[in-house]
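1. Pasting the sequence and the predicted model now:
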Amino acid sequence: MRRADLDPDPLRQFERWFEHDRVALATATPDGRPSVRMVLLKGFDRNGFVFYTSYESRKGRELEANPYGALLFHWNGRQVRIEGRVERVSAADADAYWRTRPIGSRLSAAASAQSEPIAAREELEAAVERVRHELGDDPPRPARWGGYRLVPDRFEFWEHRDDRLHDRFLYKPTDGGWTTVRLQP
């Protein structure tokens with residue numbers, strides 16, 4: 001990859017490479033202990049990269065205490081790392097997305113105390129049935145569930161080379177735009 005092949009806008013460059021909605025999300029506790037997991041990317045634009053979860057989950061608690069995260073997209077021979085501040089999406093946006101989810105996903109999210117221990121799967125299944133009985137097949141979005149947006153302040157594009165001299169380009173914000181620098185592999 002040559003610098004001349006890169007778009008000067010990291011979001012447009014990302015759109016060129018984007019293939020799947022799965023992304024690794026890294027968060028950290030207030031004392032810096034990291035954790036990473038896969039999440040579904042539900043959208044991206046100039047405002048950032050959006051995913052949904054329980055605010056009371058481990059990732060939700062970590063983001064409330066330390067509102068920075070990192071995303072890692074990996075495709076065959078390529079990866080993109082994106083870092084930045086994480087903020088909640090609006091309740092209206094969370095409600096709108098909630099209504100697009102399949103009923104099973106809504107019931108599961110309404111019934112689950114995500115990331116909390118449970119003795120047996122049967123308890124979780126019973127909780128889903130209780131929610132279905134109490135709220136029907138169109139449960140409202142629980143207040144504890146919603147979306148987050150990672151607002152990027154760094155993009156790194158990496159491309160594999162057989163000689164291990166991988167191509168790496170870092171985008172950093174400047175006044176009104178981005179600057180791009182090549183990094184050593």
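-> Looks like it came in fine. Just so you know, these numbers come straight off a predicted model, no measurement behind them.
2. Moving C-terminal from the strand or helix carrying Glu125, which element do we reach first?
-> In this assignment (DSSP states H and E), Glu125 forms part of helix 121-135. Moving toward the C-terminus from helix 121-135, the first helix or strand encountered (DSSP H and E) is strand 145-159.
3. which helices and strands sit right next to that next one?
-> Strand 145-159 sits against helix 10-17, strand 48-54, strand 68-75, strand 78-88, helix 91-100, strand 167-174, with contacts defined as 3 or more CB pairs under 8 Å, 6 or more residues apart in numbering; DSSP states H and E. Heads up, the C-betas are built off the backbone N, CA and C, glycines and all.
4. pLDDT (mean, whole number) over it?
-> With pLDDT averaged residue by residue, strand 145-159 scores 98.
5. which neighbours does that strand have in its sheet, and in what orientation?
-> If you go by DSSP bridges, strand 145-159 pairs up with strand 48-54 (antiparallel), strand 78-88 (antiparallel), strand 167-174 (antiparallel).
6. Please identify the deepest-packed of those strands.
-> Comparing the strands paired with strand 145-159 by mean neighbour count (mean count of other CB atoms under 10 Å), strand 48-54 ranks first with a mean of 21.
7. what's the angle from that strand to helix 10-17?
-> If you take axes from the mean of the first three to the mean of the last three CA atoms, to 10 degrees, strand 48-54 sits at 70 degrees to helix 10-17.
8. Measure how strand 48-54 sits relative to helix 91-100, angle-wise.
-> Computed by the same axes, to 10 degrees, the angle separating strand 48-54 from helix 91-100 equals 70 degrees.
9. Strand 48-54 versus strand 68-75: what angle between them?
-> Taking the same axes, to 10 degrees, strand 48-54 and strand 68-75 form an angle of 100 degrees between their directions.
10. Show residues contacting strand 48-54.
-> Residues outside strand 48-54 that contact it (CB atoms under 8 Å, 6 or more residues apart in numbering) are 23, 25, 39-44, 59-60, 71, 82, 84, 87, 89, 93-94, 97, 109, 112-115, 144-152.
11. Mind doing that once more with 6 Å?
-> 39, 41-43, 59-60, 114, 144-145, 147-151 (CB atoms under 6 Å, 6 or more residues apart in numbering).
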